[in-house]
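**Q** Predicted model and sequence below, questions to follow.
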Amino acid sequence: MNTNIFRNMSYGVYIVGTMDQDRPTGCIANSIMQITSSPATIAVSINHDNYTNSCIEKTGRFSFSILSEESPADLIGTFGFQSGKDVNKFDSVDYEMVEGVPVVKNTCGYVVCKVIDKMETATHTVFLGEVIAAETYEGAAPEMTYAYYHKVVKGKSPKNAPTYLPDEEVSQSTTKVSYVCQVCGYVFEGDPLPADFICPVCKQGADKFKRVEV
């Protein structure tokens with residue numbers, strides 16, 4: 001079975017937000033879709049290992065902010081490659097509260113939902129939410145697609161994402177020598193890697209990069 005075909009499917013890149021008691025938390029997701037228009041309902045798939053999963057279960061409410069092509073790349077590092085159980089992810093993010101959950105600014109906009117049903121799979125929970133609020137941010141760039149994230153930002157999917165493929169680190173390299181960030185998967189093409197290089201996605205230093213020859 002050639003799972004690379006999944007990369008040809010259409011996905012966006014989103015930050016799912018919810019509450020962990022009195023503090024906001026969230027994670028990166030790319031498997032979100034509208035199910036019906038009236039009433040508007042949304043399905044979102046969240047890995048069982050994501051701390052956000054249990055928080056949505058407890059609060060019964062979630063948001064998702066739609067990343068644009070000009071959204072800061074480190075948003076993906078913040079929300080996709082560390083756990084909300086250990087880090088207050090929203091501390092370094094410009095956000096606002098809408099209907100009791102956080103939404104991220106500097107994005108295309110947001111949707112807020114209350115959970116009305118769910119389905120369990122072997123690895124993920126699919127939450128079905130009824131839309132209770134939605135807004136666009138004026139002047140936003142086009143939405144970031146999954147393909148754009150891989151080809152232009154040159155990042156990889158978080159390990160808990162439905163679209164994660166184990167061979168992503170090697171397959172992204174297009175030169176004989178490149179350096180791959182071991183935290184977020186960003187690929188620096190060229191040799192050598194500058195000693196003072198900082199990953200544009202997760203802000204890690206050159207010591208977190210691995211040299212790859214293809």
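**A** Great, that's in hand.
**Q** what ranges of the chain fall below the confidence cut-off?
**A** Across the chain, the ranges flagged by pLDDT under 70 are 3-8, 147-175.
**Q** In it, where's the longest helix?
**A** helix 51-59 (DSSP state H).
**Q** following that helix, which helix or strand comes up?
**A** strand 61-66 (DSSP states H and E).
**Q** Summarise which helices and strands that following strand is packed against.
**A** Packing partners of strand 61-66 (3 or more CB pairs under 8 Å, 6 or more residues apart in numbering; DSSP states H and E): strand 14-20, strand 40-47, strand 101-104, strand 109-120, strand 124-136. Just so you know, the C-beta spots here come from the backbone N, C-alpha and C atoms, and that holds for glycine as well.
**Q** leaving aside the residues next to it on the chain, what's closest to S10?
**A** Leaving aside its sequence neighbours, S10 sits nearest to T145 (CB to CB, 6 or more residues apart in numbering; 7.2 Å).
**Q** mind giving me the domain split of the chain?
**A** The record's domain parsing of the chain by automatic domain parsing lists 3-147, 166-213.
**Q** just how off-centre is the last one within its chain?
**A** This means domain 166-213. Relative to its chain's centre, domain 166-213 lies at 19 Å (CA atoms, centre = their mean, to the nearest Å).
**Q** Excluding covalently adjacent residues, which one is nearest to the most centrally placed residue in the chain?
**A** Nearest to the mean C-alpha position of the chain, by CA atoms, centre = their mean, lies I28 at 2.3 Å. Computed as CB to CB, 6+ apart, the closest residue to I28 that is not its neighbour in sequence is G80, at 3.6 Å.
**Q** Would you check that I28 makes contact with S83?
**A** No. Judged on CB atoms under 8 Å, I28 makes no contact with S83 at a distance of 12.0 Å.
**Q** need the contact list for D191.
**A** D191 is in contact with T175, V177, S178, Y179, R211, counting by CB atoms under 8 Å, 6 or more residues apart in numbering.
**Q** need the contact list for S92.
**A** S92 neighbours (CB under 8 Å, 6+ apart): T78.
**Q** Roughly how far does K89 sit from I15?
**A** 9 Å (CB to CB, to the nearest Å).
**Q** now F127
**A** With CB to CB as the criterion, F127 and I15 are 15 Å apart.
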